[in-house]
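Participant: 3D, please:
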Amino acid sequence: MTAREGRVARPNAVCVMDPAVASRVLPQELRDRLSASVRLAADPVVLDREADFPAALADADILISGWGCPALTAEVLARAPRLRAVMHAAGTVKSLVSDVVWERGIAVSSAADANAGPVVSYTVALIALAARRTLSMAAGYQDGWPAFDARSGADGLTVGIIGASRIGRRVITELVAADAAYNVLVSDPYLTDEDARLLGAERVELPDLCRRSRVVSIHAPLLSETTGLFDSALLALIPDGGALINTARGSIVDTDALTAECASGRLEAYLDVTDPEPLSADHPLLNLPNVLVTPHIAGTQGDEVARLGRYAVEEVERWVAGQPLRGEVTRQTLPRLA
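Facilitator: Residues are numbered from 1 along each chain as shown. Next comes the predicted model:
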């Protein structure tokens, strides 16, 4: 029986996520809206122990998951015979799903699209800062008014985008539409020249992108092929005075190699993710004037997290109505996602 064939008219839904964010992700108005299409407990389930997870799913047809939800292992799903759909009110589902989820035909949706908007805005802002060599200019301000720097400025700046992901594509679109008239390069093994052209970018191989770009922004998923991708050799190709931006995954960059480049003063770095995460309090990257490290804040924060819950609620409504899921994740697409 597939998930669609096993659907019931008014399914039981359970919400499991970190209690610190549950009320913000699913405020009362969204729970009331959910109750129009599913049977939902009055409050999100708060688990004192991960061992309580299977019992919480025992009668559930739909799981609304979020940050802090335990993994859907074979042992958990063995005690959740009715489960037919998982609507994840957060981004990646890689730590949530297992092979048995696909084998059971359970539908999976992620609110990654809802999370993408803030990441795009944050990244474009960092690119604008990097275009002006903001960190280096600010660091030199204590010594007096900085001298004119011909390497700064956004007009005609070449920006390299690594990964034509949902976020990478939207960053390209924002840059192409900007008054600064950025020259945008993109590197992605799954992107064709024509696809890049339609986005308004030029597709190039990764080494060429690094050589030609004064600002390089990473938007690739973390895969075996991308782990440690930005090593000393690749970083060395970025021109002097260039910048690396990473709002994707910290492990894509060789931290030691990046530290060496930034410590020399050759490159700036704007990092919302690091490897390890968090960095130790005495890590050199935290004390370099040409490096900005933020604590993984590019995605939805504060009141913005309600957009994740709204996306998940809309997916529940679509699933109950038999409509396609906007954020569907499959076994085939999962490896290429963040």
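Participant: Show me the helices in the protein, by range?
Facilitator: Using DSSP state H, the helices assigned to the chain run over residues 19-25, 28-34, 53-57, 74-78, 99-103, 112-131, 134-140, 166-177, 193-199, 206-212, 232-235, 255-263, 306-320.
Participant: what about the last one, average pLDDT?
Facilitator: Averaging pLDDT along helix 306-320 gives 96.
Participant: do the same with the first one
Facilitator: Regarding helix 19-25, the rounded mean pLDDT is 87.
Participant: So which elements touch that helix?
Facilitator: With contacts taken as 3 or more C-beta pairs under 8 Å, 6 or more residues apart in numbering; DSSP states H and E, helix 19-25 sits against helix 306-320. No exception for glycine: its C-beta is placed from N, CA and C like everyone else's.
Participant: and if we set it to 10 Å?
Facilitator: Secondary-structure packing of helix 19-25 (3 or more C-beta pairs under 10 Å, 6 or more residues apart in numbering; DSSP states H and E): strand 12-16, helix 306-320.
Participant: Equivalent analysis for the fifth one, please.
Facilitator: Counting contacts by 3+ C-beta pairs under 10 Å, 6+ apart, helix 99-103 is packed against helix 74-78, strand 107-110.
Participant: returning to that earlier point: of all the helices and strands packed on helix 19-25, which lies closest to residue 89?
Facilitator: Smallest distance to residue 89 across those (C-beta to C-beta): 3.9 Å, for helix 306-320.
Participant: and the angle for that closest one with strand 12-16?
Facilitator: Helix 306-320 and strand 12-16 are oriented at 160 degrees to each other (axes from the mean of the first three to the mean of the last three C-alpha atoms, to 10 degrees).
Participant: Dump the C-alpha coordinates for helix 306-320 into CSV.
Facilitator: The C-alpha trace of helix 306-320 is given here as CSV (Å, rounded to 0.1, in the frame of the first residue of the first chain):
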residue,chain,number,x,y,z
ALA,A,306,6.5,30.8,11.8
ARG,A,307,6.9,30.8,8.0
LEU,A,308,8.3,27.2,8.4
GLY,A,309,5.2,26.1,10.3
ARG,A,310,3.0,27.8,7.7
TYR,A,311,4.7,26.0,4.9
ALA,A,312,4.3,22.6,6.7
VAL,A,313,0.6,23.3,7.4
GLU,A,314,0.0,24.1,3.8
GLU,A,315,1.7,20.9,2.9
VAL,A,316,-0.6,19.0,5.2
GLU,A,317,-3.6,20.6,3.6
ARG,A,318,-2.3,19.7,0.1
TRP,A,319,-1.6,16.1,1.2
VAL,A,320,-5.1,15.7,2.7
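Participant: Please spell out which residues along that helix are buried.
Facilitator: By 16 or more other C-beta atoms under 10 Å, the buried positions in helix 306-320 come out as 306-320.
Participant: next one: stretch 292-308
Facilitator: By neighbour count with 16+ other C-beta under 10 Å, stretch 292-308 contains the buried residues 292-293, 298-300, 305-308.
Participant: do the same with stretch 234-247
Facilitator: Those would be 234-235, 237-238, 241-247, for stretch 234-247 by 16+ other C-beta under 10 Å.
Participant: Make JSON lines from the helices of the chain and add distance to residue 273 to it.
Facilitator: Output for these, formatted as JSON lines (distance: least, C-beta to C-beta, whole Å):
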{"stretch": "helix 19-25", "distance to residue 273": "19"}
{"stretch": "helix 28-34", "distance to residue 273": "29"}
{"stretch": "helix 53-57", "distance to residue 273": "28"}
{"stretch": "helix 74-78", "distance to residue 273": "29"}
{"stretch": "helix 99-103", "distance to residue 273": "26"}
{"stretch": "helix 112-131", "distance to residue 273": "11"}
{"stretch": "helix 134-140", "distance to residue 273": "17"}
{"stretch": "helix 166-177", "distance to residue 273": "13"}
{"stretch": "helix 193-199", "distance to residue 273": "24"}
{"stretch": "helix 206-212", "distance to residue 273": "19"}
{"stretch": "helix 232-235", "distance to residue 273": "16"}
{"stretch": "helix 255-263", "distance to residue 273": "11"}
{"stretch": "helix 306-320", "distance to residue 273": "19"}
